[in-house]
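K.L.:
Any chance you can model this:
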Amino acid sequence: MRQQTLADVSAISKNTEIKSGLCSICKGSRRLCGKDRCPLMIKFYSHQKTMPMIDTKDLAGSSPPSVFVGRYGYPKVDVGPLIPPEFGDTSIMDKPEMWMGKSIDDIVDFRFKLVRGKVRINAYDFESAGRVVDDIQEIALTERPLDIEAEFSTKPRGRLILDDEVQPFGPSARLTSMKKESGRFEKNLEKSFYDTDMKATDAVIESYRNGTLISEIEKAFSVGTMGVGKRRRFVPTRWSITAVDDIIGKDLLSNTKFFGTIDEYRIYQWEQLDNRWCILMMPCTWRYELIEAWYPNTTWNPTGRGIDIISDHEFFDGRKEYAQIGGCYYAARMAVNERLTEERRTAGVVIFREAHPGYVMPVGVWNVRENVREALKTKPYTYDTLSKAMDHVDSVMEIPKETWVQNSGVLKDWYTQRRIEDYY
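P.N.:
From the prediction side, this is the model:
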């Protein structure tokens, strides 16, 4: 067999039929996928820095604190703590609220230090697993980093996981034993833990209203520390993130949708991790849409020749089907309603997101929640017509405004449906 030439490789890279084979041909050096930097290599280099510290069956360090609940095989799932091979204040490793301004390299670097210990339990009958479940629950409720010593059945090893819902995390191994120090519980989460008559939704809302971070609520929600008595369950981390965003968002929306409308068209713009954002607010009753445009050579459009655009929306009465965009829809909706609650106003909201090739790997749904939050803290550009507001979108985003409108349920409805004010 003749040796494969660079010309052969280039020809292969242009063949859209070959997708999974590109990485093995490229090996992170030839940029055959078109990305500026290889997402697998980002994780690889982080892994290489971490491996000498975890090349053992025994591990000790300060958990941020952090836990993870898997979803495969549900209700029988793997659960366990996330432990880094270092001591001290490691809280930033599992607190997305602190990650704004961090690069993808930074995020992957400290996330890949978190080693996941795994124990198999029944999510419906977790009490039968014994002391290990009590320890995991206590870790999730603890306010500050706590020291943990763990023993594994094998040396931790990891596979590369790309997921737009959950934050990256490092290697894993079966947990055989664990010792942890005692820590002080976060006060709001402690209250809901001991109140076995409080519904899980009420516990989430009350904790949020009293100042508990969403990332902390998600952990407590996932390990069965909220809910009524025997109805408590372990919930996969992926599901708990969306559930908490949805619960808080709906609670905020139950008030904001009945406030008076804003008085002008607004545009908030923002850019982070090569994601470009424009948030349009319109002076009308509640309606909401998230439109995402994934450029070729981004995570969710790796071999495409065109831009993939996906959207989901709702009007005043909300939606019944789960959004096809996934958890990002609910995270952004929650963030928008935080802002409207502060102003005691309602609005129609359309969020435009362009994910450019520099966004080489997904880092979790927090990226949407926190970026929308940050965008809405900036001073908006205001206009007296939708046309002028969309001209602003046209000047900021690479995709023309006509394309956004064509892919928008809310904007198409706005342009085609007559409203009572049209008759004045």
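K.L.:
got the buried residues for whichever strand or helix holds residue 43?
P.N.:
Element membership for residue 43, per DSSP states H and E: helix 39-54. The neighbour-count check on helix 39-54 (16 or more other C-beta atoms under 10 Å) flags 39-43, 45-47, 50-51, 54 as buried. Using the backbone N, CA and C atoms, a C-beta is placed for each residue, glycine as well.
K.L.:
Below-threshold pLDDT in the stretch 151-300 of the chain: ranges please.
P.N.:
159-163, 299-300 (pLDDT under 70).
K.L.:
All the strands of it, in order from the start?
P.N.:
For the stretch 151-300 of the chain, the strands defined by DSSP state E, counting those that start in this stretch occupy 172-180, 265-272, 275-282, 287-294.
K.L.:
Which strands and helices lie in contact with the helix holding residue 43?
P.N.:
Counting contacts by 3 or more C-beta pairs under 8 Å, 6 or more residues apart in numbering; DSSP states H and E, helix 39-54 is packed against helix 104-111.
K.L.:
what sits against residue 127?
P.N.:
Neighbouring residues of residue 127 by C-beta atoms under 8 Å, 6 or more residues apart in numbering: residue 133.
K.L.:
quick one: it and residue 325, what's the gap?
P.N.:
Remark: distance between residue 127 and residue 325 (C-beta to C-beta, to the nearest Å) = 36 Å.
K.L.:
again, but for residue 288
P.N.:
With C-beta to C-beta as the criterion, residue 288 and residue 325 are 12 Å apart.
K.L.:
could you pull out the helices for this protein?
P.N.:
With helices called from DSSP state H, the chain shows them at 6-13, 22-26, 39-54, 104-111, 131-141, 187-194, 200-209, 214-222, 237-256, 327-343, 366-375, 386-396, 401-406, 409-416.
K.L.:
what's the domain layout of this structure?
P.N.:
Per automatic domain parsing, the domain ranges recorded for the chain read 1-32, 39-180, 187-256, 265-423.
K.L.:
got a list of what the spatially closest residue to residue 289 that is not a sequence neighbour touches?
P.N.:
If the residues on either side of it in the chain are set aside, residue 289 comes closest to residue 313, at 3.6 Å by C-beta to C-beta, 6 or more residues apart in numbering. Residues in contact with residue 313 (C-beta under 8 Å, 6+ apart) are 287-290, 319, 408-410.
K.L.:
which among those gets closest to residue 276?
P.N.:
Distances from residue 276 to the contacts of residue 313, taken as C-beta to C-beta, are shortest for residue 290 (14.1 Å).
K.L.:
count of neighbours near the closest one?
P.N.:
26 (other C-beta atoms under 10 Å).
K.L.:
Show the contacting residues for it.
P.N.:
Listed by C-beta under 8 Å, 6+ apart, the contact partners of residue 290 are 311-313, 323, 325, 328-329, 332-333, 351, 353.
K.L.:
Name the nearest of those relative to residue 247.
P.N.:
The closest of those to residue 247 turns out to be residue 333 (C-beta to C-beta; 11.6 Å).
K.L.:
isn't that closest one right next to residue 247, touching?
P.N.:
No. Using C-beta atoms under 8 Å, residue 333 is not in contact with residue 247; the gap is 11.6 Å.
K.L.:
more neighbours, these two?
P.N.:
The residue with more neighbours, out of residue 333 and residue 247, is residue 333; 29 against 21, by other C-beta under 10 Å.
K.L.:
so how far is residue 268 from the more buried one?
P.N.:
Counting by C-beta to C-beta, the gap from residue 333 to residue 268 is 15 Å.
K.L.:
try residue 313
P.N.:
Taking C-beta to C-beta, one finds residue 313 at 18 Å from residue 268.
K.L.:
for residue 229, same thing?
P.N.:
In this view, residue 229 and residue 268 are 44 Å apart by C-beta to C-beta.
K.L.:
More neighbours: those two, which one.
P.N.:
Remark: of residue 229 and residue 268, residue 268 carries more neighbours, 21 against 7, as counted by other C-beta under 10 Å.
K.L.:
For that one, list each beta-bridge partner.
P.N.:
Beta bridges link residue 268 to residue 279, judged by DSSP bridges.
K.L.:
shouldn't it be in contact with residue 376?
P.N.:
Yes. The criterion here is C-beta under 8 Å, and residue 268 meets it with residue 376 at 5.7 Å.
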